[in-house]
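[1] Provided below for reference: sequence and predicted model.
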Amino acid sequence: GENVEQHPSTLSVQEGDSAVIKCTYSDSASNYFPWYKQELGKGPQLIIDIRSNVGEKKDQRIAVTLNKTAKHFSLHITETQPEDSAVYFCAASSTSYGKLTFGQGTILTVHP
Amino acid sequence: DSGVTQTPKHLITATGQRVTLRCSPRSGDLSVYWYQQSLDQGLQFLIQYYNGEERAKGNILERFSAQQFPDLHSELNLSSLELGDSALYFCASSPRGANYGYTFGSGTRLTVV
């Protein structure tokens, strides 16, 4: 089955810096790659996603890039703010009717 | 409010007991997924239902079972509870499958004492 590896497990940045989280996947048939943000005491929330026919997608301060050849995708957060502090999960899916396989998560801390 | 409702929010029970967690999916969503999140752990997939039928099964213990009812709400039953079952249990829903995006509920925090 699909396996998703996520790095780093923790990331600490200063407010205003950029943050990058990377994920690799094993199933070359995977075609949908969402990113979720989980704040303390809450359920994960979708923040951005990308499909395999697109190489990059942006939404304000966040962007996701996908390299299908290398089977990895990354989340980029620019101009980080303290409210960006949370756990971020990447995920992958290879079938329309199937499930998401999640990475182990990255704890992002943005220091004021 | 994500539109996915999970009850109860908190549950404290003793070892050996049985509990039922409930999930109402977002309106119009046919798929329901259950995930377990232990302390310092990621999201472990348990089981998926699509329109009342089991679609996929993950690392779900035999002591656990689930079902999706005709009104599309789902219940996760956990029996013979052990201390190690203490975790956050999340339900998520999607219109069809994963490629349409998940919406998560706020979770049920289960504490087994």
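    Now that the structure is in, tell me what you want to look at. Residues are numbered from 1 along each chain as shown, chains lettered A, B, ... in the order given.

[2] okay, now A:Gly43: neighbour count?
    By the criterion of other CB atoms under 10 Å in any protein chain shown, A:Gly43 has 22 neighbours. Any C-beta I mention is one placed from the backbone N, CA and C, and that applies to glycine too.

[3] tell me the confidence at the residue nearest to it when sequence neighbours are not counted?
    Spatial nearest neighbour of A:Gly43, excluding adjacent residues (CB to CB, 6 or more residues apart in numbering or on different chains): B:Phe104 at 3.6 Å. pLDDT, B:Phe104: 96.

[4] before we move on, what about B:Phe69?
    96.

[5] so who does it touch?
    B:Gly52, B:Glu75 (CB atoms under 8 Å, 6 or more residues apart in numbering or on different chains).

[6] coming back round to it: correct me, but the residue nearest to A:Gly43 touches A:Gln45?
    Yes. Using CB atoms under 8 Å, B:Phe104 is in contact with A:Gln45, at 7.0 Å.

[7] overlap in contacts of the two?
    Both B:Phe104 and A:Gln45 are in contact with A:Tyr36, B:Ser2, where contact means CB under 8 Å, 6+ apart.

[8] more neighbours: these two, which one.
    B:Phe104 (22 against 15).

[9] which bits of chain A sit near chain B?
    Residues of chain A lying close to chain B (CB under 8 Å from any CB of the partner chain) are A:31-32, A:34, A:36, A:42-46, A:49, A:51, A:89, A:91, A:93, A:95-105.

[10] can you rerun that using 10 Å?
    A:1, A:4, A:6, A:9, A:30-32, A:34, A:36, A:38, A:41-46, A:49, A:51, A:87, A:89, A:91-105, A:107 (CB under 10 Å from any CB of the partner chain).

[11] tally of neighbours for residue 66?
    In the absence of a named chain, this looks at chain A. 23.

[12] please go with chain B instead
    So B:Ala66, with other CB under 10 Å, has 22 neighbours.

[13] please see if the helix or strand hosting it touches chain A.
    Per DSSP states H and E: B:Ala66 is located in strand B:64-68. No. Using CB under 10 Å from any CB, strand B:64-68 never reaches chain A; the gap is at least 13.6 Å.

[14] how many residues are close by residue 22?
    In the absence of a named chain, chain A is used. Number of residues near A:Lys22 (other CB under 10 Å) recorded here: 17.

[15] meant chain B, my bad for not saying
    With other CB under 10 Å as criterion, B:Arg22 counts 15.

[16] hey, which helix or strand in chain A has the poorest pLDDT?
    The helix or strand of chain A with the poorest confidence is strand A:101-102; it has a mean of 92 (mean pLDDT, DSSP states H and E).

[17] which strands or helices does the helix or strand A:Cys90 falls within pack on?
    In the assignment (DSSP H and E), A:Cys90 maps to strand A:86-92. Applying 3 or more CB pairs under 10 Å, 6 or more residues apart in numbering or on different chains; DSSP states H and E, one finds that strand A:86-92 contacts strand A:4-7, strand A:19-25, strand A:32-38, strand A:45-51, strand A:72-77, strand A:101-102, strand A:106-111.

[18] how about the contacts made by residue 79?
    Assuming you mean chain A. By CB atoms under 10 Å, 6 or more residues apart in numbering or on different chains, the residues touching A:Glu79 are A:Glu15, A:Gly16, A:Asp17, A:Ser18, A:Gln60, A:Arg61.

[19] actually, chain B is the one I wanted.
    B:Ser79 touches B:Gly16, B:Gln17, B:Arg18, B:Val19, B:Thr20, B:Leu61, B:Glu62, B:Arg63, B:Phe64, B:Ser65, B:Asp85, counting by CB under 10 Å, 6+ apart.
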